[in-house]
Every structure is written in C-alpha cells, then in structure tokens.
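Enquirer: Whatever this is, show me its structure:
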Amino acid sequence: MGRHPRKGAMGFLDSILKKKGDSTADVDSELSQGSPSPEATNTSSAQSKVAAKLKGVLDHLEKIILGVVLIAVTVLSILKMLSAKSEIKSVLDTDTNVAPGGSMLAFVDLQPTNLAELIEKSKEQPDAIRLEGTNHWVFNPRVWKELLIQETGESILIVDSPNEPLGISALQVSSITNLKAYFNARAFRGAGTVRYEFTWRDSEYPVFPYEAMPTNNLLRTFFPQTRLPVNVLAASATGWLPSTNQAPKPLHGFTGQNAGWLRFRPEFELLVKFNGATQPTAQQMARVDPRSMTIPDVILDVELIQGVRGGIVPYSTNSIRAVSGVDVPISRGFSADFTYQTKYHKGIALTGFRVGRHLMIDGEVFRVFRITADTVSLVSDPLYGGNGKIYEKKWVR
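Expert: Residues are numbered from 1 along each chain as shown. Sure thing, here's the model as predicted:
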C-alpha cells in the first residue's frame, strides 16, 4: 500500500520543525552554560526569527494546497459544463422531423376480384411446385454424353433429353419379382390326440451375401449372387402347444453352424408364437387324410416374427390365421430386371438384380439400394466416383 500524500507532507514538515527545535534547544543550552560573545548572541537571535517565520508558513501550507486543489476542480467542472451545453445545442439544432413521401396505395385497385376462387383452390387443389420443368435447368441440368460411333470411329457429344434418353435415363424396369416364402401350419392326429406341426420353406429369397465374399474381388457386386444350399432353406418342427404366455420359438433352416448367415442377413431368421387353435369337430375328425393324418379346416392363430435388416427395431411381427395344411405365402423381398436401349445402343437385358448389386452405364456405376413392388431406387455410387444422386425407376406394367 502507498503512503498517503498528506501524511507524507506532514511527516516531512514535522521532521523540519523537530530539527529546528533541536537547534534552538542547543542555543539555549549554550546560553545557559556560559555567556557567549556578542556575535554569537546576534546570530542566535537571527536564527530564532527565521525559524519562527518558517514555522508560521508551514502551519498554513496544508490550507494552501487544499485551496489550490479546490480551484483546479472548480475550473475543470466549469469546462465540462460548457462542453456539455455545446453538445446539447448541436443536438437540438438537428432536424428530426419525418416527412412522408411517395403515393398512397389504392386498396380497391389492389384487392383481388377472385378472392373466393383463390381460397377454394388453396383448400381443395393448390398448384403443385414443379421442379422438373423444361423452362429451367437449376435442379435438372443438361447432361451431355460422349458416344463413339462404331462404324466411323468418331466421338460425338449428344445431350440427354426426354426424346432421346441416354445413360441412366434410358434404363427401364422390365419386371419386378416378388420373392415369397411359404408357411404351413398343420393340425394332425397322432398318439390318440391332436398335435401341431409348422413348416417354413424359404427357397426364393435367400442368396449368398456379398459381405461374405472375398474382399479382394471388387467386381463381385456386379454379378448376381448364388443361391444358398437347399438344406438350409426349409425347416419343420412338431410338438407345439398353443399358449398365449409362451415365448416365441425359432423356426428356420439357419440353426447350428448355419446360424452365422444371420450376421449378414438377419431377415433370414423366423420365430413363431403359437397363440391358439380351434378344436376339431367330429365331422372334421371323420375327414382326416389317412396318409398324412392332417385334420382339415382347423384354424391356427400364430405370429410370425421375422428379423429386420437395417431397421430401427430388430424384429417385425405378422399375425396370421392359418388353415390346417394350407400354405400361407409371405413376401420376403424383390428382385428386378432391366432393359437398356438407345438410338445408339442395341437393346440389352439386365436380369436378377437384388439390393446391393452394381451396374455400369456409360462409364458411371450405379448401385441398387431399394426395391419395392413397383419401384427400383438406384444411386450413383460415390465409391466408384459417382455424385451420390438418386434415381427412382418406376415399373410400367
């Protein structure tokens, strides 16, 4: 902490007064000890008078300093006040009035005459926003293709247009196949009682996954996948008892060592929950097939729980009421066939495309990533230099 200025000045003055007092005391002591000479007496008297005057000045020095400080503060305050008055005057002299300009709008002239029609149209059938129009190329820029004429060996540039489609625009879906599995729930007579058997035949949809193929072959996804062995495509089990409290039981051909396929294709998995069945009547028991012992017209209430590939939930449930001994078709997926033909290319057929397979058109690689009952979705694969654009191809039957 710094010393207070006032205290420092007073301490300095006290030291001077103390020294002066000590010198006066020394003079008095010398006078008391003996009678000095006349020069000494005159000198001592003069020093006493100077010390007395100096003491009087020091006694009023604090008041003098305080007075100077007050005068300085007063001068600064007056200068600040004069500066503020000049700024206030300049603000008051500024013109802040707002003068309206322009012309008044005539509401009658701007009011729509078909207001009722516009309101009805907005509610019933508003105009659609069309981005695929031919009057702009913002979202659909022109695509030029460089084609080689085989007869002349000349390369020409041709624009991809609706009248002369080229590249992916010329690819058409020729057919979409619904790949099905078949579930059979059977009530049969055995050991003097009614027993139940469930069978699952899934021979159309499962194929060898691309993920299980060697990774050093980059062309593997351009060819169709091979089918899995027949022995893993069907399964049958007996000994089921109806109960709404029991947990689902697995029923598929992918058990034991073959269960490893479910890591790549969880949709291969099938679980069954047997909730109940109708009791066979005497007439139904009389019509039992003597070879298979199947009891006809028994209704079985079951839930088919299938694995989901790439879904948010791991399983999907399909509740069905199956008739004893009658196959129930279950949709498992789709495959698509394409045709490609242009003014400059002969027509070719591209068959057996599943999700994940690639095809190349005019040097650009596309991947099939979704197939529905009437649409095939392809993407320009960035892995092969594509731009990631998605193309939806409708199946026109």
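Enquirer: got the CA coordinates for the longest strand that the chain contains in PDB?
Expert: Secondary structure of the chain per DSSP state E: the longest strand is strand 171-190. In PDB, the C-alpha atoms belonging to strand 171-190 read as follows (Å, rounded to 0.1, in the frame of the first residue of the first chain):
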ATOM      1  CA  LEU A 171     -32.600 -47.600 -68.200                       C
ATOM      2  CA  GLN A 172     -36.100 -49.000 -67.800                       C
ATOM      3  CA  VAL A 173     -37.500 -51.600 -65.400                       C
ATOM      4  CA  SER A 174     -38.900 -54.500 -67.300                       C
ATOM      5  CA  SER A 175     -40.200 -56.600 -64.300                       C
ATOM      6  CA  ILE A 176     -40.200 -56.900 -60.500                       C
ATOM      7  CA  THR A 177     -40.500 -60.300 -59.000                       C
ATOM      8  CA  ASN A 178     -42.000 -60.800 -55.500                       C
ATOM      9  CA  LEU A 179     -39.800 -63.300 -53.700                       C
ATOM     10  CA  LYS A 180     -42.000 -65.400 -51.400                       C
ATOM     11  CA  ALA A 181     -41.700 -67.900 -48.600                       C
ATOM     12  CA  TYR A 182     -44.400 -70.300 -47.600                       C
ATOM     13  CA  PHE A 183     -45.600 -71.100 -44.100                       C
ATOM     14  CA  ASN A 184     -47.700 -74.200 -43.400                       C
ATOM     15  CA  ALA A 185     -49.400 -74.800 -40.100                       C
ATOM     16  CA  ARG A 186     -50.900 -78.300 -39.700                       C
ATOM     17  CA  ALA A 187     -53.000 -80.000 -37.100                       C
ATOM     18  CA  PHE A 188     -52.800 -83.700 -37.300                       C
ATOM     19  CA  ARG A 189     -53.900 -86.800 -35.300                       C
ATOM     20  CA  GLY A 190     -51.200 -88.700 -33.600                       C
END
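Enquirer: average model confidence for that strand?
Expert: Strand 171-190 comes out with an average pLDDT of 95.
Enquirer: Direction included, what does the next helix or strand after that strand pair against?
Expert: Using DSSP states H and E, the helix or strand that follows strand 171-190 towards the C-terminus is strand 193-201. Applying DSSP bridges to the sheet, strand 193-201 is found paired with strand 171-190 (antiparallel), strand 234-238 (antiparallel).
Enquirer: shouldn't Arg357 be in contact with Phe369?
Expert: No: under the criterion of CB atoms under 8 Å, Arg357 makes no contact with Phe369, lying 9.8 Å away. Every C-beta, even on glycine, is put in place using the N, C-alpha and C of the backbone.
Enquirer: With neighbour numbers in mind, choose between the two.
Expert: Between Arg357 and Phe369, Arg357 has the larger neighbour count (other CB atoms under 10 Å), namely 21 against 14.
Enquirer: Need the nearest residue in space to that one, chain neighbours excluded.
Expert: Val368 (5.4 Å; CB to CB, 6 or more residues apart in numbering).
Enquirer: So what touches the helix or strand encompassing the one you found?
Expert: Using DSSP H and E, Val368 sits within strand 364-371. With contacts defined as CB atoms under 8 Å, 6 or more residues apart in numbering, strand 364-371 is touched by 167-168, 176, 221, 333-336, 353-360, 376-381, 383-386, 391.
Enquirer: any weak-confidence spans in the stretch 151-300 of the chain?
Expert: 151 (pLDDT under 70).
Enquirer: hey, where'd the helices end up in it?
Expert: 282-286 (DSSP state H, counting those that start in this stretch).
Enquirer: so where does the residue nearest in space to the middle of the chain fall, helix or strand?
Expert: For the chain, the residue sitting closest to the mean C-alpha position, by CA atoms, centre = their mean, is Ile312 at 15.6 Å. Using DSSP H and E, Ile312 is not contained in any helix or strand.
Enquirer: Can you tell me how far it is from Leu300?
Expert: Using CB to CB, to the nearest Å, Ile312 is found at 30 Å from Leu300.
Enquirer: what about Gln172, neighbour count?
Expert: So Gln172, with other CB under 10 Å, has 16 neighbours.
Enquirer: Over to the closest residue to it other than its chain neighbours. Which of the three states is it?
Expert: What sits nearest to Gln172 in space, not counting adjacent residues and going by CB to CB, 6+ apart, is Thr339, at 5.2 Å. When classified by DSSP: H, G, I helix; E, B strand; the rest coil, Thr339 comes out as strand.
Enquirer: How much space separates Thr339 from Arg357?
Expert: For Thr339 relative to Arg357 (CB to CB), the value is 16 Å.
Enquirer: of all the strands paired with strand 193-201, which lies closest to Tyr205?
Expert: For the strands paired with strand 193-201, proximity to Tyr205 was assessed by CB to CB; strand 171-190 is nearest, at 4.2 Å.
Enquirer: could you check the angle strand 364-371 makes with the closest one?
Expert: Here strand 171-190 runs at an angle of 30 degrees relative to strand 364-371 (axes from the mean of the first three to the mean of the last three CA atoms, to 10 degrees).
Enquirer: picking up where we left off before, pretty sure the residue nearest to Gln172 contacts Ser174?
Expert: Yes: at 4.7 Å, Thr339 counts as touching Ser174 under the criterion of CB under 8 Å.
Enquirer: Let me see the mean pLDDT of stretch 45-65.
Expert: On average, stretch 45-65 scores 74.
Enquirer: starting at the chain centroid, how far to that stretch?
Expert: 88 Å (CA atoms, centre = their mean, to the nearest Å).
Enquirer: Show residues contacting stretch 340-349.
Expert: Residues outside stretch 340-349 that contact it (CB under 8 Å, 6+ apart): 147, 149, 158, 164-166, 170-172, 174, 337-339, 350, 361.
Enquirer: Could you rerun that using 10 Å?
Expert: Under the criterion CB atoms under 10 Å, 6 or more residues apart in numbering, residues 145, 147-150, 156, 158, 160, 163-172, 174, 337-339, 350, 359, 361-362 lie in contact with stretch 340-349.
Enquirer: distance between the one helix or strand Ser83 maps to and the chain's centre?
Expert: Ser83 belongs to helix 38-92 when assigned by DSSP H and E. In terms of CA atoms, centre = their mean, the centre of helix 38-92 is set 76 Å apart from its chain centre.
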